[in-house]
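Peer 1: Return atomic coordinates for the entry below.
(chains A and B)
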Amino acid sequence: MSKKDIKLSPEMRKVFWRWYFFGQAGWNYEKMQGLGYYYSMYPLIDQLYGNSDDAVKASLNELQFFNTNNSMAPLILGVDGAIQESQGVAANDAVASLKTGMMGPLAGIGDTLFAVIPNTIIGSIASYMALKGNAFALILWLAYGVLRLTIMRSFVAMGYREGVKLISSLGNRLKKITSAANVLGMTVIGALIPSVITAGFAYTFKNGDVKITLQSLADQIMPGLAPALVVLFTYWLLGRKKMNSTRVTLILILVGILAYNLKIFA
Amino acid sequence: MQIAWWQILLLTVYSGFAIYDGNNTTFGTVKPTMAGFVAGLILGDVQTGLIVGGTLNLLVLGVGNFGGSSMPDYMTGALLGTAFAIMSGKGAQFGATLAVPIGLLMIQLDVLARFCNTFFQHRAEKLVSEKHLKQATYMNLFGIIPTSISRMLPVFLALVFGSQFVQSVVDNLPMWLMSGLKTAGGILPALGIAILLRYLPIKRNFAFLLVGFFLAAFLKVPVIGAAIIGLAMALIAFNRDTSKTEAVTESSTTEGEDMEDE
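Peer 2: Below you'll find the model as predicted:
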């Protein structure tokens, strides 16, 4: 299949625009961009599964925790769409793992390319000129907005193409792809735990002139101990009877407020 | 100068739109230089707006809200700083100085808004499990409401009641609650990750979770580096899987031939 033969389906085009305009509209602490991701994928889900049980399964899959740089996300949407269009809900596990595996690395690249670099370059030019009373550099922000849109548009096509290629070259080896993708996804989640969760011990021991912070002790045992403990606690909570994510959310909020005021967590 | 009601209205609407744009379409309206410029335009003193905006923009050059962390909101800061500078006639420097605590204060409200959206996430999950797929998508759009209000309400109140009012609010915030919520915001992503762990086959792949954690926590490898190792392990697993199935098919055919020989 040549590159030009693979065209975005009309649904995928809708998916892209929904992400572009509202991808981060429902950003929340629990699933971050999960809500926006589901919102974006809805036209495809609706077209592929209608209002069946499969649609519910696919939707719940897309509502999961998701967070990446929002300019890079169309790459993932493209891959996801291509896989679902050819494999349906059978590919749910593969999709979940691929999303997780891709979102971490793309966040790193995207935050540098689409946030740090333009913020620094355009920001310093615009600030410098603004301080001289000149508004002209502001047009650079608008130009960047247009450039970013163009790049995002090519990302969704690129992701879609690669997704189609992946499926056609690997054919019916979906099970193997799924378990390989699981390996990737799990590794990335492991790395996300200390990177995404902010929790550090604040407690300080004082004995005369000697001061030891609990965090420095914790670091000697294991860096990232606090985030790991929080995840472990939350994972355990979720497995308890009568627990749902709303209750766990409330418990975590309470824990956060208490831990701050008891000077356990900074 | 006395601020007119339509100026208050325009500035309020701008703040709500700018935060939407900053989170989604990114046309620079959330940048302090732009916000200062627009506020100056609305209030009839572009120079002051540009200087307030430029001063604030320099404070956040390399800063972005990565991974959902909240950053000082100098958009709102520039908007109000410019307005108070022009209204009081005390000049751009006064506006910029006032804008800094406002921008820092806005972090708390940003945290609060992202908290509120957790409710919409839950609502969407409930609606989806009841097969109301389309209604569930609206929950994402509703997320705009808390985010925009977190900017529009303070801008509106500050402009109506003036800089004295802003100062007294800054001085009287219940910091135990605000800072506590920030800590809570820091640990809440654990829930998303824990749910994901319950969702993916963790028992079979626990070893890889450990590898990823080790790389990031001990070796300080960025997530992208951990993903490369993950990809390498995934490829190894995939190739071994493939050769194993091939070996199985081969051995079964040989066995079959053996039986025919007998």
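
Peer 1: quick one, helices of chain A?
Peer 2: A:10-22, A:34-49, A:53-62, A:73-87, A:92-110, A:117-131, A:139-170, A:174-196, A:214-221, A:225-239, A:245-261 (DSSP state H).

Peer 1: pLDDT averaged over the fifth one - what is it?
Peer 2: What it means is helix A:92-110. For helix A:92-110, the mean pLDDT works out to 87.

Peer 1: contacting residues for A:Ile83?
Peer 2: Shown in contact with A:Ile83 (C-beta atoms under 8 Å, 6 or more residues apart in numbering or on different chains): A:91, A:94-95, A:98, A:163, A:166-167. To be clear about C-beta, it is placed using only N, CA and C from the backbone, and glycine gets the same treatment.

Peer 1: pretty sure B:Val30 is in a helix, no?
Peer 2: No: counting by DSSP: H, G, I helix; E, B strand; the rest coil, B:Val30 is not part of a helix but coil.

Peer 1: B:Leu43 - how many residues pack around it?
Peer 2: 21 (other C-beta atoms under 10 Å in any protein chain shown).

Peer 1: The one helix or strand B:Gln121 maps to: which residues count as buried?
Peer 2: If you go by DSSP states H and E, B:Gln121 is part of helix B:92-129. Of all the residues in helix B:92-129, those buried under the rule 16 or more other C-beta atoms under 10 Å in any protein chain shown are B:92, B:94-96, B:98-103, B:105-125, B:127-128.

Peer 1: Check stretch A:155-169 too.
Peer 2: Of the residues in stretch A:155-169, A:155-157, A:159-161, A:163-164, A:166-167 count as buried by neighbour count, 16+ other C-beta under 10 Å.

Peer 1: Lowest pLDDT pick from the residues you listed?
Peer 2: pLDDT across the buried residues of stretch A:155-169 is lowest for A:Ile167, at 72.

Peer 1: OK, contacts around that residue?
Peer 2: A:82-83, A:86-87.

Peer 1: what's the domain layout of the chain?
Peer 2: Defaulting to chain A. A:3-194, A:197-261 (automatic domain parsing).

Peer 1: look at chain B instead
Peer 2: B:5-200, B:201-262.

Peer 1: just how off-centre is the longest one within its chain?
Peer 2: Here domain B:5-200 is found 11 Å from its chain centre; the criterion is C-alpha atoms, centre = their mean, to the nearest Å.

Peer 1: Span of it from start to end?
Peer 2: 54 Å (C-alpha to C-alpha, to the nearest Å).

Peer 1: Let me know the average pLDDT across stretch B:217-233.
Peer 2: In this model, stretch B:217-233 carries a mean pLDDT of 89.

Peer 1: Give me the buried positions along it.
Peer 2: Neighbour counts over stretch B:217-233 (16+ other C-beta under 10 Å) mark B:217, B:221-227, B:229-231, B:233 as buried.

Peer 1: now swap in stretch A:36-52 and tell me
Peer 2: Residues of stretch A:36-52 classed as buried by neighbour count (16+ other C-beta under 10 Å): A:36-46, A:48-49.

Peer 1: so where do the helices sit in the stretch 51-200 of chain B?
Peer 2: B:74-88, B:92-129, B:133-142, B:144-171, B:175-187, B:189-199 (DSSP state H, counting those that start in this stretch).

Peer 1: do you know which of the ones you listed lies nearest A:Gly224?
Peer 2: Closest approach to A:Gly224 among the helices of the stretch 51-200 of chain B (C-beta to C-beta): helix B:189-199, 12.1 Å.

Peer 1: Going by neighbour count, list what's buried in the next helix or strand along the chain from that closest one.
Peer 2: Next along the chain after helix B:189-199, taking DSSP H and E as the criterion, comes helix B:202-217. Using 16+ other C-beta under 10 Å as the burial criterion, the residues of helix B:202-217 that qualify are B:202, B:205, B:208-209, B:211-217.

Peer 1: hmm, who's touching helix B:202-217?
Peer 2: By C-beta under 8 Å, 6+ apart, helix B:202-217 touches A:179, A:182-183, A:186-195, A:222-224, A:228, B:197, B:221-223, B:225-226, B:229-230, B:233.

Peer 1: so what's A:Gly123 closest to, chain neighbours aside?
Peer 2: Using C-beta to C-beta, 6 or more residues apart in numbering or on different chains and skipping the chain neighbours, the partner closest in space to A:Gly123 is B:Leu61 (4.8 Å).

Peer 1: so what's that neighbour up against?
Peer 2: B:Leu61 touches A:119-120, A:123-124, A:127, counting by C-beta under 8 Å, 6+ apart.

Peer 1: Kindly report the same for A:Ala82.
Peer 2: A:159-164, A:166-167.

Peer 1: With distance to B:Asn239 as extra columns, can I get those in JSON lines?
Peer 2: Shown next, in JSON lines, are the contacts of A:Ala82 (distance: C-beta to C-beta, whole Å):
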{"residue": "A:Gly159", "distance to B:Asn239": "24"}
{"residue": "A:Tyr160", "distance to B:Asn239": "26"}
{"residue": "A:Arg161", "distance to B:Asn239": "24"}
{"residue": "A:Glu162", "distance to B:Asn239": "20"}
{"residue": "A:Gly163", "distance to B:Asn239": "21"}
{"residue": "A:Val164", "distance to B:Asn239": "22"}
{"residue": "A:Leu166", "distance to B:Asn239": "16"}
{"residue": "A:Ile167", "distance to B:Asn239": "19"}
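
Peer 1: my read: A:Glu162 touches A:Gly81, true?
Peer 2: No: with contacts counted by C-beta atoms under 8 Å, A:Glu162 stays clear of A:Gly81, the gap being 11.3 Å.

Peer 1: Tell me how many other residues crowd A:Thr68.
Peer 2: By the measure other C-beta under 10 Å, the count of residues near A:Thr68 is 25.

Peer 1: I misspoke; the intended subject was B:Asp171.
Peer 2: 8.

Peer 1: What of the one 3 residues further on?
Peer 2: B:Pro174: 8 surrounding residues under other C-beta under 10 Å.

Peer 1: who's in contact with whichever residue of the stretch 1-150 of chain B sits closest to chain A?
Peer 2: Closest approach of the stretch 1-150 of chain B to chain A (C-beta to the nearest C-beta) occurs at B:Gly28, with a separation of 2.4 Å. Contacts for B:Gly28 (C-beta under 8 Å, 6+ apart) come out as A:122, A:138, A:140-142, A:144-145, B:21, B:34.
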